[in-house]
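Undergrad: could you work out the structure for the sequence below:
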Amino acid sequence: MVFGTAPVHLASDPKINEPVLCYSWTEAVQQLGYHADWDKYTLCEAMYAEFKLFAVAPIVFINVLDPSKHKKSVASTAVTVANKTAVIEADVILSTLKVSSTSSGTAATAGTDYTAAYNDDGNVLITLLKDGALADSTTIYAAYDTIDPSMVKDADIIGGVGSNDTATGLELLDTVYPKTSLVPGLLAAPGWSHHPEVAAVMAAKSKKFNSLFSCTVLVDIDTTQVKSYSGCNMWKTGNGYTQNNEFVGWPMGRIGDHCYYMSTLAMGRIGQTDAANDDVPYESPSNKTLPITGLCLKDGTEVTLDLTRANLLNSQGIVTAITSPAGWVLWGNYTGAYPGTTDPKDVFLCVRRMFDWDDTVFVLTYWSRLDKPGKPRNIKTILDSERIRLNGLVSREYILDGSIEFLEEENPTTDLAAGIFRFHKKRTPPVPMQEIDTISEYDTSAFAALFQ
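TA: So this is what the prediction gives:
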């Protein structure tokens, strides 16, 4: 699930502050539009990366840019005509466009005097019609409203709930499951998650949304502030990027002329890794290939990291990328909580995600058992069914072991009388083999072979 801004003025079916479930590039462009300026339209980076580079789906997008609010007016401006066409190089809201032959003249009629449409670059192409009032013009004047993404602030991403219970921004996380029957597993906001307040709300919202589910948030360290690996840990801890469900990335990855936030790259790589394992998130995305050609800062400055520096970042709970025998790979297993804690379920991303995923599966699987009579047979049904499911995970080596019990000491009479039944689950997802050591020895006993 990705939050940000999109050029919805270019979309055929624009969506603003509502979940947009997309399984393909075409669906995303229809409802969000697409523009190559990713700094202004941050969702376009995620769209391009997920559908074009990584080929993973589905994705839920939340666009917070509202053309009715985030806009500015442009007074009548001269535009040069060549071969009966003129181009306005701006993010024009087409419905507001007024064209005339003079700066203060009467507006011409669209469809009679001219036509206007977006070209492939997102600019407006005006074509003068041969029998129209502007047919012989070499200069025309255009007034219009233009999209102003700079007006979108952190508060728009964070969102809220209005007096009519209408949710915006991150508050829309709670609406995804009711509307799509899908539970978000990853939460990202590339272009925004390097803002500490946004990241803090992302981390908070991702824990027990819908009062039931938890997921992982992918966040970035600000490369406009942190230009060297040596400053990452101070920035990370100083800005509170230390949650057990945060995957913290630095710097950015480059592909050609495009720079991608590490959260975008991690999102795609995690999606591919999960897909290769029947969507069970038990395997770490670390040391898996990335389609990048280098590392960089936001301003394009090249970043060079060797294994020692990359491992130092990892030891601070920061994920990065390095070159390996297989090419460029994502590098790092730890969540932002490391090294502040060493509990495997809180420090290893794949283990944390397995716990969240397994808790989600438990909720969805046994939802139908809610409000059944609290009698031994129904308790045994849950125990037997869950043991079979856990044994299946063990047999496929998604977990090393798993068990479930209904313990008397964890179910006091007061809770049972209130209709609260508590099951105790244990499971052990495998941790990544992030260090493989060898012990080398010179065996002098082999000299005996010389005398045989």
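
Undergrad: report the separation between the closest residue to Glu197 other than its chain neighbours and Pro196.
TA: Leaving aside its sequence neighbours, Glu197 sits nearest to Asp154 (C-beta to C-beta, 6 or more residues apart in numbering; 5.4 Å). (Each C-beta comes from the backbone N, C-alpha and C, glycine too.) As judged by C-beta to C-beta, to the nearest Å, Asp154 and Pro196 stand 9 Å apart.

Undergrad: which one's more surrounded, the two?
TA: Neighbours were counted for Asp154 and for Pro196 using other C-beta atoms under 10 Å; Pro196 has more, 16 against 13.

Undergrad: which element follows the biggest helix by length in the chain toward the C-terminus?
TA: In the chain, assigned by DSSP state H, the helix with the most residues is helix 376-395. Per DSSP states H and E, the first helix or strand lying C-terminal to helix 376-395 is strand 402-405.

Undergrad: what are the pairing partners of that next one, and which direction each?
TA: Paired neighbours of strand 402-405 in the sheet (DSSP bridges): strand 424-427 (antiparallel).

Undergrad: which parts of the strand it pairs with are buried?
TA: Arg427 (16 or more other C-beta atoms under 10 Å).

Undergrad: grab the nearest non-local neighbour of the most centrally placed residue in the chain.
TA: Centrality entry for the chain: nearest residue to the mean C-alpha point is Ala188, 2.8 Å, by C-alpha atoms, centre = their mean. Among residues not flanking Ala188 along the chain, Leu218 sits closest, at 4.4 Å (C-beta to C-beta, 6+ apart).

Undergrad: ok, the one you found - contacts?
TA: Counting by C-beta atoms under 8 Å, 6 or more residues apart in numbering, Leu218 touches Leu186, Leu187, Ala188, Pro190, Ser193, Glu246, Phe247, Gly249, Ser263, Ala266, Met267.

Undergrad: thought the residue nearest to the centre of the chain was touching Leu43?
TA: No: assessed by C-beta atoms under 8 Å, Ala188 is found out of contact with Leu43, at 10.3 Å.

Undergrad: re earlier: phi and psi next, for the residue nearest to Glu197.
TA: Here is the backbone geometry of Asp154 (degrees, to the nearest 10): phi -50, psi -40.

Undergrad: could you number the chain from 31 rather than 1 from now on?
TA: Sounds good: first residue 31 from here, last item Asp184.

Undergrad: tell me how far the ends of stretch 225-245 are from each other?
TA: 20 Å (C-alpha to C-alpha, to the nearest Å).

Undergrad: so what touches it?
TA: Counting by C-beta under 8 Å, 6+ apart, 184, 187-188, 200-201, 203-204, 207-208, 213-217, 219, 222-223, 246-247, 249, 252, 269-271, 273, 275-276, 386, 389-390, 393 sit against stretch 225-245.

Undergrad: of these, which belong to helices?
TA: Reading helices off the contacts of stretch 225-245 with DSSP H, I get Asp184, Ile187, Ile188, Leu203, Asp204, Tyr207, Pro208, Asp386, Asp389, Thr390, Val393.

Undergrad: filter those residues down to the buried ones.
TA: Buried, going by 16+ other C-beta under 10 Å: Ile187, Ile188, Leu203, Tyr207, Asp386, Thr390, out of these.

Undergrad: tell me how this structure divides into domains.
TA: 32-95+185-361, 101-177 (automatic domain parsing).

Undergrad: mean pLDDT for these: which is lowest?
TA: Of all the domains of the chain, domain 101-177 carries the lowest average pLDDT, namely a mean of 92.

Undergrad: now do that one: distance to the chain's middle.
TA: 37 Å (C-alpha atoms, centre = their mean, to the nearest Å).

Undergrad: all helices for this protein, in order.
TA: 55-62, 73-77, 184-188, 203-210, 226-235, 262-268, 292-305, 337-345, 374-377, 379-396, 406-425, 443-447.

Undergrad: identify the residue spatially nearest to Asn408, adjacent ones excluded.
TA: Lys402 (4.9 Å).

Undergrad: re earlier: tell me which of the ones in helices among the contacts of stretch 225-245 is nearest to Val461?
TA: Lowest distance from Val461 to the ones in helices among the contacts of stretch 225-245 (C-beta to C-beta) belongs to Asp386, with 16.0 Å.

Undergrad: could you check how far the closest one is from Cys52?
TA: In terms of C-beta to C-beta, Asp386 sits 23 Å off from Cys52.

Undergrad: next one: Thr395
TA: For Thr395, the distance to Cys52 - C-beta to C-beta - is 27 Å.

Undergrad: for the nearest residue to Thr334 once chain neighbours are set aside, which residues make a bridge with it?
TA: Spatial nearest neighbour of Thr334, chain neighbours left out: Leu325 (7.3 Å); criterion: C-beta to C-beta, 6+ apart. Leu325 has these beta-bridge partners by DSSP bridges: Gly283, Val333.

Undergrad: who are the contact partners of Leu325?
TA: Leu325 makes contacts with Pro281, Met282, Gly283, Arg284, Glu332, Val333, Thr334, Leu335, Thr350, Ala351, as judged by C-beta under 8 Å, 6+ apart.

Undergrad: how many residues are close by the second one?
TA: Met282 has 28 neighbours, counted by other C-beta under 10 Å.

Undergrad: that one contacts Tyr291, correct?
TA: Yes: at 5.7 Å, Met282 counts as touching Tyr291 under the criterion of C-beta under 8 Å.

Undergrad: tell me, what's touching the two both at once?
TA: The contact lists of Met282 and Tyr291 share Asp250, where a contact means C-beta under 8 Å, 6+ apart.

Undergrad: ok, Thr395 and Cys52, which is more surrounded?
TA: Cys52 (21 against 13).

Undergrad: excluding chain neighbours, give the residue nearest to the more buried one in space.
TA: Per C-beta to C-beta, 6+ apart, closest to Cys52 is Ala58, 4.4 Å.

Undergrad: quick one, what contacts that neighbour?
TA: Val50, Cys52, Tyr64, Met77, Phe81, Ile89, Phe91.

Undergrad: make it 7 Å
TA: Cys52, Met77, Phe81, Phe91 (C-beta atoms under 7 Å, 6 or more residues apart in numbering).

Undergrad: closest to Gly135 out of these?
TA: For the contacts of Ala58, the nearest to Gly135 is Met77 (40.6 Å; C-beta to C-beta).

Undergrad: quick check: the closest one vs Tyr364, distance?
TA: Distance from Met77 to Tyr364, by C-beta to C-beta: 29 Å.

Undergrad: check contacts around the closest residue in space to Glu332 that isn't next to it in sequence.
TA: Using C-beta to C-beta, 6+ apart and skipping residues adjacent in sequence, the residue nearest Glu332 is Cys326, 5.6 Å away. Neighbour list for Cys326: Pro281, Met282, Arg284, Cys289, Glu332, Val333 [criterion: C-beta under 7 Å, 6+ apart].

Undergrad: at 10 Å instead, please
TA: Thr253, Pro281, Met282, Gly283, Arg284, Cys289, Tyr290, Glu332, Val333 (C-beta atoms under 10 Å, 6 or more residues apart in numbering).
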